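Trainee: Any chance you can model this:
(2 chains)
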Amino acid sequence: MDGFFGILGEAVALILAWDADLIEIIGLSLRVTLTAVGIACLIGLPLGALVGTFRFPGRTAVTVLLNALMGLPPVVVGLIVYLMLSASGPLGVLGLLYTPTAMIVAQTILVTPIVAALTRQVVEDLNREYAEQFASLGVGPLDRVAALLWDARYSLLTVALAGFGRAVAEVGAVFIVGGNINHVTRVMTTTIALETSKGNLQLALALGVVLLGLAVAVNALAMTLRVSAQRAAYA
Amino acid sequence: MMTRRLFGLAAAGLLALGLAAPGTPAAANGKFILVQSTTSTQNSGLFDHILPIFTDKTGIEVRVVAVGTGQAIKNAANGDGDVLFVHARPAEEKFVAEGHGVARFDVMYNDFVIVGPPADPAGIKGMTDVTAALGRIAEAEAPFASRGDDSGTNKAELRLWKAAGIDVSEASGGWYRETGSGMGATLNAGTAMGAYIMTDRATWIAFGNKGDYAIAVEGDERLFNQYGIILVNPEKHASVKADLGQQFVDWVLSEEGQAAIAGFEVNGQQLFFPNAGG
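Mentor: Below you'll find the model as predicted:
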């Protein structure tokens, strides 16, 4: 092995070569993960906000459950989704197994609890600050949730990024439900696993560096959006 | 007003994501079949060599899920695949007998080898009697890394231990180490711990992380590794594309398919030897 700098050089060379296969794999990784995170936010943000804002029987239990589900093992999620989507499973007729859609479903299940649990904490803290104001102004329940979500939006961006990080780095679930089929369901993490199993450790590690770069790029983009939004708000 | 903008943003974002996402299986352009196969055929590069020839000829795209033979058979038994292409003859015959497969055909063979570290702690280098070699490994209690994953290679290895009269389950966790993972992962782990490893020759030749390891035992006919191909039974699983799958099976067994397999080389070495109809 040529050491760390050799691998770094190979990663840079990989990016510079920019071959069609690599672009396809990066593109699919981004599409699957961003879609899963998008859907997870649509479910998890309102869910977390509702649990964080209102008191109801069993609220503590729901909170514990959401927090616990953050630790869902990807392989187990993959297995469950496989059994559901398998031709002999209940949803087999949909023919979704070994498609990117199956991978989106699996990652959505992984990410939604993370988004919901972290949103609950953020919104609950903010709600404590706002409670008196809400009461004195007589704000209705839906408007409360909406106002809390909006005012917490910068924190919630970080919540979404936490979900993105979990999904983009995950290999266990997408391997099982996607099957790592070349040109169909092969993403960054499954490619890294495949190259490792071929003994091409340098290439695998170089791909890992590319994946890390991808995560940095997405986070930088989110941060830029946040900063420019803040500037616009205070301008 | 601000909140409305948030929902507007979220909706627009979702729409953009939805548009970017591949909604349907990416088969819009035509016919494809799904082949449940093993890591040895994929990792060696065999499929990259023969599948384009078939696709050019027929227009049928072949999607390969490469897992251990045990898992491939289970997936196919669930109806998740049109063709099964693996290497564990007894398990394949059972698959057909249980009605999951139409019929099993010999396709090709390669062989297993035992690779080991240069120090050769069990002194088996150059041996051609595989059970005698395994006996020496057990006697020396030299580390041996097993797949331990119910794959075709794992099944073959366990048959050989049995033939050598050695109960490896007693040594598991000691000198006998089950990695519970694929061939490549087991090679990575085994070479790092200085263990002997039984691998198919194809994976070994194509493997990129050999270090100072070399083949210690080869040439015993009990190390013969036969591959078979089976069309998944459409009467058992309605989703099976019997017509397209049959075309693939026929092609692999045809003179052209067999020639394509024979023509696949890595570093100038032929890795698989076609023997359909033989």
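
Trainee: chain center to stretch B:166-176: distance?
Mentor: 25 Å (Cα atoms, centre = their mean, to the nearest Å).

Trainee: Just the buried residues of that stretch, please?
Mentor: Neighbour-count burial for stretch B:166-176, counted by 16 or more other Cβ atoms under 10 Å in any protein chain shown, picks out B:166, B:168, B:171, B:175, B:176. C-beta: built from backbone N, CA, C; applies to glycine.

Trainee: Pull up the residues of chain A that are close to chain B.
Mentor: Counting by Cβ under 8 Å from any Cβ of the partner chain, chain A comes close to chain B at A:31-32, A:34-35, A:38-39, A:41-42, A:86-89, A:92, A:95-101, A:104, A:143, A:146-147, A:149-150, A:153, A:179-182, A:184, A:194, A:196-201.

Trainee: If any of the residues you listed are buried, give me the ChimeraX selection for them.
Mentor: Applying 16+ other Cβ under 10 Å to the residues of chain A next to chain B, the buried members can be selected in ChimeraX as follows:
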select /A:31,32,34,35,38,39,41,42,86,87,89,92,95,96,97,98,99,100,101,104,146,147,149,153,179,180,181,182,184,194,196,197,198,199,200
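
Trainee: Just the ones in helices from the residues of chain A next to chain B, please.
Mentor: Among the residues of chain A next to chain B, the members found in helices (DSSP state H) are A:31-32, A:34-35, A:38-39, A:41-42, A:100-101, A:104, A:143, A:146-147, A:149-150, A:153, A:194, A:196-197, A:201.

Trainee: Taking the stretch 1-150 of chain B, what residue is nearest to chain A?
Mentor: Closest approach of the stretch 1-150 of chain B to chain A (Cβ to the nearest Cβ) occurs at residue B:79, with a separation of 3.2 Å.

Trainee: Contacts only, for that residue.
Mentor: Going by Cβ atoms under 8 Å, 6 or more residues apart in numbering or on different chains, residue B:79 touches A:86, A:87, A:88, A:92, B:232, B:236, B:237, B:238, B:239, B:240.

Trainee: Residue B:98: which of these is nearest?
Mentor: residue B:236 (8.8 Å; Cβ to Cβ).

Trainee: which residues touch the residue sitting nearest the centre point of chain B?
Mentor: Centroid-nearest residue in chain B, with Cα atoms, centre = their mean: residue B:38, separated by 2.0 Å. Applying Cβ under 8 Å, 6+ apart to residue B:38 gives the contacts B:66, B:67, B:68, B:69, B:72, B:85, B:86, B:87, B:151, B:152.

Trainee: so how far is stretch B:124-135 off the chain centroid?
Mentor: Counting by Cα atoms, centre = their mean, stretch B:124-135 is centred 25 Å from the centre of its parent chain.

Trainee: now swap in stretch B:56-73 and tell me
Mentor: With Cα atoms, centre = their mean as the basis, stretch B:56-73 stands 11 Å off its chain's centre.

Trainee: Look at it and report the distance between its end residues.
Mentor: 28 Å (Cα to Cα, to the nearest Å).

Trainee: And that stretch, what's buried?
Mentor: Quick answer for stretch B:56-73 (16+ other Cβ under 10 Å): B:60-73.

Trainee: Tabulate these (JSON lines), appending secondary structure and distance to chain A.
Mentor: Output for those, formatted as JSON lines (DSSP: H, G, I helix; E, B strand; the rest coil; distance: Cβ to the nearest Cβ, whole Å):
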{"residue": "B:60", "secondary structure": "coil", "distance to chain A": "14"}
{"residue": "B:61", "secondary structure": "strand", "distance to chain A": "9"}
{"residue": "B:62", "secondary structure": "strand", "distance to chain A": "10"}
{"residue": "B:63", "secondary structure": "strand", "distance to chain A": "4"}
{"residue": "B:64", "secondary structure": "strand", "distance to chain A": "6"}
{"residue": "B:65", "secondary structure": "strand", "distance to chain A": "4"}
{"residue": "B:66", "secondary structure": "strand", "distance to chain A": "7"}
{"residue": "B:67", "secondary structure": "strand", "distance to chain A": "8"}
{"residue": "B:68", "secondary structure": "coil", "distance to chain A": "11"}
{"residue": "B:69", "secondary structure": "helix", "distance to chain A": "15"}
{"residue": "B:70", "secondary structure": "helix", "distance to chain A": "14"}
{"residue": "B:71", "secondary structure": "helix", "distance to chain A": "9"}
{"residue": "B:72", "secondary structure": "helix", "distance to chain A": "11"}
{"residue": "B:73", "secondary structure": "helix", "distance to chain A": "14"}
